[in-house]
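1. My questions are about this predicted structure, shown below with the sequence.
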Amino acid sequence: MLPPVGARPPLDDGRGGSERIEGPSTELRVGRSGPRGALRAEVVRNTDPARGLALQTALDRLTGGRHTDHDAPDAWVTALRVLPALSARYASFPDGISEPLRDVLGARGITELYTHQAIAIEHALARRNVVITTPTASGKTLCYNAPVLNAILRDPAAHALYLFPTKALAQDQLAELQEIAELLATGHDAQIGVFTYDGDTPQDARKAIRGRAHIVLSNPDMLHSGVLPHHPRWAKLFENLRYVVIDELHTYRGVFGSHLANVLRRMLRICRHYGSNPTFICSSATIANPRELAEGLVEQPFELVSEHGAPRGEKAFVFVNPPVVNRQLGIRRSYLSEARRIAGEFLKRGMQLIVFAQSRLATEILTTYLKDDFDGPAGNRERIRGYRGGYLPQRRRQIEKELRDGLVQAIVSTNALELGIDIGALDVCVMAGYPGTIAATWQRAGRAGRRSERSAAVLVASSAPIDQFVVRHPSYFFDASPEHALINPDNLHILVDHVKCAAFELPFTTSEQYGCHDVQEVLRVLSENGLVHLTGADWQWTSESYPADAVSLRSISSDNFVVVDTTRGADVIGETSFTSGPATLHEKAIYLLEGALYQVERLDFDGRKAYVRAIDCDYYTDAITYTKVTVLETFTMAGSGVRHSGSEGDQVSAPDPRSPIPDPGIHAHGEVHVSSRVVGFKKIKFYTNENVGSGELDLPEQQLHTSAYWLTVPQTIMAALPYAADDRRDGVVGLSFAMRQVAQLLLMCDRNDIGISIGSGSQADDTDLTRTGHPATIPDEPCVFVYDNYPGGIGFSEPLFGMRAELLTRTRDLIASCECEHGCPTCVGPIGDTGPLAKTVAVRILQLLVDSAAPARVVA
Amino acid sequence: MNLTERLRSVVRPSRGGESAAHEDPHTCGPGPTDGLSPASVDPAYCHSPCDTFDGEWRESRGERYVVIDRSYPPGHRHGRAVVADNAPGSDCSWPALALLEPSIGQSRVLFIDVETTGLAGGAGTYAFLVGCGWFEGATFKVRQFLLARYGAERGLLEDVAGTAADAGALVTYNGKTFDVPLLETRFLFHRMTASFAGMPHVDILHSARRLWRTAPYRPLNGVGASLGGPRASCCLDSLEESILGHVREDDVPGYAIPSRYFQYVRSGDERPLAAVLEHNRLDLLSLALLTARAAQLLEEGAEAAQTAREAYGLGCLYLRAGRLQDARACFARAESMESTATAGTADSCVSAEALRALAVLDRRSRRYDDAAAAWRRLLALRACPPRLMLEASEALAVHHEHRERDLHLARDLARESLQFATSGSRATAVRHRLTRLDRKLAFPKSARRAGQTTFPLFNPQF
């Protein structure tokens, strides 16, 4: 029998209850507790010594008692960082906050603000756009709720719009806001309507909400197709819109972010029509460029609040890499078993923990493991709970309550965890598999950690290359975030779709502007297609269609491939973009969804459908795609200045300050044309990554007009390599493979968002291929292209060009520090795909590029 | 590639609903590559909607729109109907309509029908033609407002609001769902208050369905089911044919109307719109005449019904309005018309519904014997649907158990109803009744010992 967990009365820390640490071992805690939020004050011991000791013991068992910050990339625990405790830093309420609101917040235990809250609220009250990057559970919701409620109290006609990426997050915020609104209503006679408005809102409720809501909680999709095109019915909202709140700003990157930027353009257009000018309050996880992202999405200046004053207990962060069990093939022990063992260490010492897994299948497996280990026979109280996405709000509330009350000791969840703010805080967070971005990892780790107590987060790496890179290079993770959230709102495909929507909503005038392209030209082309007509000074909408329906905010065109499961009838189970379609959905391809395997039986290319059937097999497939990139226009170059392939003009400016490490390679970014053809595929065994078969394919060639960054390896360096031609080629191929991994990390994108190609960039490229689809011979001066795998480009190339120094150094580190002998999927590619010297040559090339002393000059 | 070329490659002609690819000879799709581009319009043709349509320009804020007035004289025939016969009383009100919408009172009625640029709704759908109709004495007048230029919409809407304000109530066909909300949106778009938003409003579609919908759905003009538009199921056109007896010739189909308007916008040639104006006028006239027919039925009662279905529908309308006596008379009439109708016609299914309605009404009014008689007649019908057989036999079983006290007959009826019980829950309910009856029959003294005429509660343990 395990001891009861959390025997103290639960004080609800997650709502920003203030507290003071009065001494080393005691504290006065003031907070809310109980269903009515009654004010409670009590003196408790600072840390429950037993708990803190138990945590330390468990950590020591894992780390072998290490106490230093030396990272050990080859060890089982590759990193142990202890983030010191932070005490709270307070500031008083800004003057603009009205009395009733202060009273109500005081009744909820908030008598002072944290410093970051005060600063952010001050900006918002002064109607300055603000973006806040603070960790989880640091009271960020108050940063926007306070100014919004304040505005409504001062002017009952004021309105606000909140945007969340998911409906579930909106639901959770709704509960919080409604409680405060109720307090304001009973105590201070202020009627504030707070409602969610999304696809689930019943039809008969919609009209009432439009009339009564001061605060509308919604999501980008609903705003795009349900609110903006019907703006006359929302006149009250748009006339008086004071604040727009955007939560989880970092999720709006890539294609989704580019679409949202346009939705916001349309919204601001409508606001101008109704005479309002809202202030934006955004919150983001920690990324390298939060202000840039906010300013790119909204096209207005922003203040950044990144320092935070919320208290935090000491947190130990451990990186674990399961040991190698087969050196030749580079196979490691199962990361799920490792996670099970590690979770067990904490569980048996009475800690409360949360385990994150990367897929539903992994979640189910881990839940089963832990239940087997700790729950005992069925019928006993369930201390271990699995959590799936899509739970109803009541179910979520119940799980949160059981966690707070200590009835549930561990919860296993996917990244779809939609638990609201009121989960309390747990002792430990174990992540089975790298969440994919640094931002997401910190968000999950933030689930562990009570205000003033010690907590721990453990990252267990899987054998996926990204996982391996991060776990073996902890500095990448723990130093300042290199992750950039990037968008391209002026991508022509996306822009045109939204110009149509905007023209439907409000006729464009002949003097209006939209985006950076000439919107009058866009409208002229649209009128050629019969969608609009210039009547006087207005572009009148002359079509029966409802353009918002044809636009999906998560893809570039509606030209997606649809995956149809024919195992039992015909169910649509997924969708892929047009550009990734042939590579992932060719005949005999293995399609993975949530851990379940399907095989593609037939691909209807013109009908954009792939018919799949469930299959049980031990391999997956990887397409061999032949790509040929032609440079259309070079925007910027940086290099030795000796050669200028493809650029106009010869202006030489000062040494590029962005490139602290001099490199003689020629970097460039610009516009390219990519033609690609899937020519075959390989069958690769799971776990061992052996090549167990292959096949030939004949699919239509696809053309893509997009942007790219490319690296040109100068002829001098190629000639200086003391290897045979084939080996030199293998080195470049291996280099490109590794560059792809690193680019994915820096750009915060998925594998299919970018593409890699090797060539010269001109038309006359050799067309003989190796088995892997790369050219059999490479030019004397080969270029490695990293292109945006979306028509029109999605904004990756220029930033990647800006990060070229980091790209090269990280790629070098990745390959050089890899434990494999001749290559593996983590660094230069699986053995068999690359030659025996690929790794060696790639490292050599990088050394020559990175370590050479030639100065770099930017040529624009 | 310059911007224009790139844009052209991005903006493909859409695959779905964006271009009008219908078979209307007067529209050939968008773009300069088709037949009706401005260049191909007769340059000598002088664009003058006023002359073509015999209307007049009205100006507002520097923009013009067209107003077209027409009269249908008292003697005008529309199929079998004559205008004068269908005009309301001298005060131009139809008191009978108050049965459908009490707030109508004695108000003068305005008929409204709009032609729009599409069915999608939202800020980008607008009404390019608003048709209003009303009776002046025995003449039916129509006034149409045509949006010749987009910029004139505000003035046009103000004019429409003024016309509506003169009347006191609106009558439309599917207007509650489509026409009026759309006009409201346009008023909101221009930041104007829609004065007619709160007016009493009768949407005749619902009554028309009750009175005149025949069981199989008949497609519109034989061109297949309409595209889910405002005239779906029980279309105005098909009623025009069946009830009024008027068949349109060379009518422009509803789905082709928006593209005709767009073609006019692009080319300036308004001639193809003539058919749209005529279509709109005929819609208003039919709407008025059908409304008159419905009002007549409501006023005269059961005897005025011409078919069993009409009688039954009329009964349902009376029932909704709380006029139980009139409703009963209609149901009775429906049954009697039915028995004289030829078997297999559309009327023959109405009997069962009418009998059921009659029985339920009598039961509500506590005329239990009449109700029971109706149930029995229902059971005796040849073409009675199973669910009604179940209801009838159950109702009779209850009647015999609790009022007639004929337990044997009740049990027989309950057994009979078992064969009609299709769903599990209904069958269970019937079995409970059977069990209870068996118990009562087995132990008669316990039932009488209770001494009251209460309904025993079902006890599952028995």
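-> Sure thing, it's come through. Residues are numbered from 1 along each chain as shown, chains lettered A, B, ... in the order given.
2. Please name the nearest non-neighbouring residue to residue 130.
-> By default, I'm working from chain A. Spatially, and ignoring its direct neighbours in sequence, residue A:130 is nearest to residue A:123 (4.1 Å; C-beta to C-beta, 6 or more residues apart in numbering or on different chains). Glycine gets a C-beta too; all of them are placed from N, C-alpha and C.
3. wrong one, chain B
-> Nearest-residue entry for residue B:130: residue B:145, 4.5 Å, with adjacent residues in sequence omitted and distances by C-beta to C-beta, 6+ apart.
4. what bridges to that neighbour?
-> Assessed by DSSP bridges, residue B:145 has beta-bridge partners residue B:67, residue B:130.
5. can you tell me how far it sits from residue B:156?
-> Residue B:145 is 5 Å from residue B:156, where distance means C-beta to C-beta, to the nearest Å.
6. what residues do these two have in common as contacts?
-> Counting by C-beta atoms under 8 Å, 6 or more residues apart in numbering or on different chains, the common neighbours of residue B:145 and residue B:156 are B:65, B:130.
7. where along the stretch 151-300 of chain B do the helices fall?
-> Applying DSSP state H, counting those that start in this stretch to the stretch 151-300 of chain B gives helices spanning B:153-166, B:179-189, B:204-212, B:236-239, B:257-267, B:273-300.
8. thinking again about what came up before, contact partners for the residue nearest to residue B:130?
-> If you count contacts by C-beta under 8 Å, 6+ apart, residue B:145 has them with B:65, B:66, B:67, B:129, B:130, B:131, B:132, B:156, B:159, B:160.
9. roughly how far apart are it and chain A?
-> Separation of residue B:145 from chain A (C-beta to the nearest C-beta, to the nearest Å): 17 Å.
10. ok, now residue B:309?
-> 31 Å.
11. so which helix or strand takes in that residue?
-> Residue B:309 is located in helix B:308-320, with elements delineated by DSSP states H and E.
12. One more: residue A:316?
-> Counting by DSSP H and E, residue A:316 is found in strand A:315-320.
13. Quick check: which helices or strands does that strand pack against?
-> Secondary-structure packing of strand A:315-320 (3 or more C-beta pairs under 8 Å, 6 or more residues apart in numbering or on different chains; DSSP states H and E): helix A:49-63, strand A:77-83, strand A:455-460, helix A:465-472, helix A:474-478.
14. so is the closest residue in space to residue B:386 that isn't next to it in sequence in a helix, a strand, or just coil?
-> Nearest non-adjacent residue to residue B:386, counting by C-beta to C-beta, 6+ apart: residue B:420, 4.8 Å away. Assigned with DSSP: H, G, I helix; E, B strand; the rest coil, residue B:420 falls in the coil class.
15. Residue B:420: how many residues sit nearby?
-> By other C-beta atoms under 10 Å in any protein chain shown, 20 other residues sit near residue B:420.
16. wait, isn't it in contact with residue B:385?
-> No: in this structure, residue B:420 is not within contact of residue B:385 by C-beta atoms under 8 Å, at 9.4 Å.
17. care to break chain B down by domain?
-> In terms of domains, chain B is parsed into B:28-296, B:301-384, B:396-444 (source: automatic domain parsing).
18. Secondary structure element for the residue of chain A found nearest chain B, which one?
-> Among the residues of chain A, residue A:530 lies closest to chain B, at 2.1 Å counting by C-beta to the nearest C-beta. Of the helices and strands defined by DSSP H and E, none includes residue A:530.
19. So what's the predicted local confidence for it?
-> Per-residue pLDDT puts residue A:530 at 92.
20. do residue A:450 as well
-> Listed pLDDT for residue A:450 reads 66.
21. and if you look at residue A:362?
-> Looking at residue A:362, its pLDDT is 89.
22. shouldn't it be in contact with residue A:433?
-> Yes: if you go by C-beta under 8 Å, residue A:362 and residue A:433 touch, sitting 7.0 Å apart.
23. Name the spans of chain B whose pLDDT lies under the cut-off.
-> B:1, B:13-47, B:90-92, B:215-233, B:338-348, B:445-462 (pLDDT under 70).
24. Nearest residue to residue A:119 in space, please, no chain neighbours.
-> Per C-beta to C-beta, 6+ apart, closest to residue A:119 is residue A:305, 5.3 Å.
25. list the contacts for that neighbour?
-> Residue A:305 makes contacts with A:116, A:119, A:120, A:123, A:130, A:131, A:132, A:133, A:134, A:143, as judged by C-beta under 8 Å, 6+ apart.
26. Confirm that the first one sits in a helix.
-> Yes: with three-state DSSP as the criterion, residue A:116 is part of a helix.
27. residue contacts, the nearest residue to it once chain neighbours are set aside?
-> Spatial nearest neighbour of residue A:116, chain neighbours left out: residue A:308 (4.3 Å); criterion: C-beta to C-beta, 6+ apart. The neighbours of residue A:308, taking C-beta under 8 Å, 6+ apart as the test, are A:114, A:115, A:116, A:134, A:135, A:138.
28. Reformat those residues as JSON lines; add neighbour count.
-> JSON lines is the format used below for those (neighbours: other C-beta atoms under 10 Å in any protein chain shown):
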{"residue": "A:114", "neighbour count": "25"}
{"residue": "A:115", "neighbour count": "17"}
{"residue": "A:116", "neighbour count": "23"}
{"residue": "A:134", "neighbour count": "24"}
{"residue": "A:135", "neighbour count": "16"}
{"residue": "A:138", "neighbour count": "22"}
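29. All good on my end, thank you.
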